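Novice: sequence-free structure coming up:
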């Protein structure tokens, strides 16, 4: 096993697997790490993205989904010394525009963040509003203080926009889940490609829901992890129960050069809503992954996930453990 696209991250937030626990993924024992009232304006803080970032004593930065007390969906920046305790700006991100014709920010949720060494920028993708209809917004920052918004990637309706952490065959590559106006009762994952992060095409189907825990819809989760066997990616799946949707997440391995080709895919979920903070909240029964930190030296993975659309938690695994799980499926 080798992580070939990552960095050494000796300060990755980490907790060893509990004794007697045989699960592929295990939870941090002090979850949730970000409570719903983390800042004075918040109703909830969840489905957020964290990356390594050096700023003074801070070692991590992030873009956080903060639904305020008027229940507006906003994006806020924050920093952390340990990847567990975060100082989140109580004011939402005010995006600069790279084109004055862009509409003003209306709402935003479920961000992902990825660093591109090529230009030294952290790119943010999120569910953006275009005419109050959901699509994939794109922006960037270098310091998590000043943010620039660029053109939306796609037309409405779309969700779960996730960039790969490097170009493939000279192109940016993004996963997404085309949707509809409402709380989509369907959904497949697609890939789109771009030479400039502005014009997107060469769309390819990746995979569809296939039953059980992911029988209703699926969507890409954190930024894919580059390994010597392919792109390892966590994704969420949804089933429709007699009591509504249930959000769990699993794993898939994609081809390194043609990532629309699925090499391995788990039949079972890796994490589902089983703890009280995952089952009870503003939306019941949700475990929704949006970020993973990876130590390229050890293969350790820390996954940030939203719980019941209310708070943010942390869980752990390793690249080796997930690949072994996929090999047995």
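Specialist: Okay, I see it. Quantities reported herein were computed from a predicted structural model and do not represent experimental measurements.
Novice: drop to CA atoms for contacts and neighbour counts, all remaining ones
Specialist: OK.
Novice: separation between residue 317 and residue 22?
Specialist: 11 Å (C-alpha to C-alpha, to the nearest Å).
Novice: now do residue 273
Specialist: From residue 273 to residue 22 the distance is 18 Å (C-alpha to C-alpha).
Novice: now the strands for the stretch 201-329 of the chain?
Specialist: 217-220, 225-227, 230-241, 244-254, 262-265, 287-294, 300-307, 311-318 (DSSP state E, counting those that start in this stretch).
Novice: Export the ones you listed as CSV, with columns for distance to residue 187 and mean neighbour count.
Specialist: Putting the strands of the stretch 201-329 of the chain into CSV (distance: least, C-alpha to C-alpha, whole Å; neighbours: other C-alpha atoms under 10 Å) gives the following:
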stretch, distance to residue 187, mean neighbour count
strand 217-220, 4, 27
strand 225-227, 23, 22
strand 230-241, 10, 22
strand 244-254, 13, 22
strand 262-265, 17, 18
strand 287-294, 15, 28
strand 300-307, 20, 26
strand 311-318, 24, 24
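Novice: what about stretch 175-188, start to end distance?
Specialist: End-to-end span of stretch 175-188 (C-alpha to C-alpha): 10 Å.
Novice: how far does it sit from the chain's center?
Specialist: 16 Å (C-alpha atoms, centre = their mean, to the nearest Å).
Novice: Near the nearest residue to residue 148 once chain neighbours are set aside, how many residues? Count them for me, please.
Specialist: Leaving out its chain neighbours, the residue that sits closest to residue 148 by C-alpha to C-alpha, 6 or more residues apart in numbering is residue 96, at 4.5 Å. Neighbourhood size, residue 96 [other C-alpha atoms under 10 Å]: 17.
Novice: correct me, but residue 96 touches residue 145?
Specialist: No. Contact criterion C-alpha atoms under 8 Å: residue 96 and residue 145 do not qualify, at 11.1 Å.
Novice: Which strand runs longest in the chain?
Specialist: The longest strand of the chain (DSSP state E) is strand 42-55.
Novice: follow-up on the earlier one: compare neighbour counts for residue 273 and residue 22 and give me the winner.
Specialist: Higher neighbour count among residue 273 and residue 22: residue 273, with 20 against 9, using other C-alpha under 10 Å.
Novice: Show me what stretch 227-246 is in contact with.
Specialist: 1-5, 209, 212-226, 247-256, 259, 273, 284-286, 288-289 (C-alpha atoms under 8 Å, 6 or more residues apart in numbering).
Novice: For the one residue sitting closest to the centre of the chain, give me its contacts.
Specialist: Nearest to the mean C-alpha position of the chain, by C-alpha atoms, centre = their mean, lies residue 290 at 2.1 Å. Residues in contact with residue 290 (C-alpha under 8 Å, 6+ apart) are 47-49, 110-112, 221-223, 303-306.
Novice: Check those against residue 165 and report the nearest one.
Specialist: residue 223 (6.9 Å; C-alpha to C-alpha).
Novice: Could you tell me how many residues sit around residue 118?
Specialist: 8.
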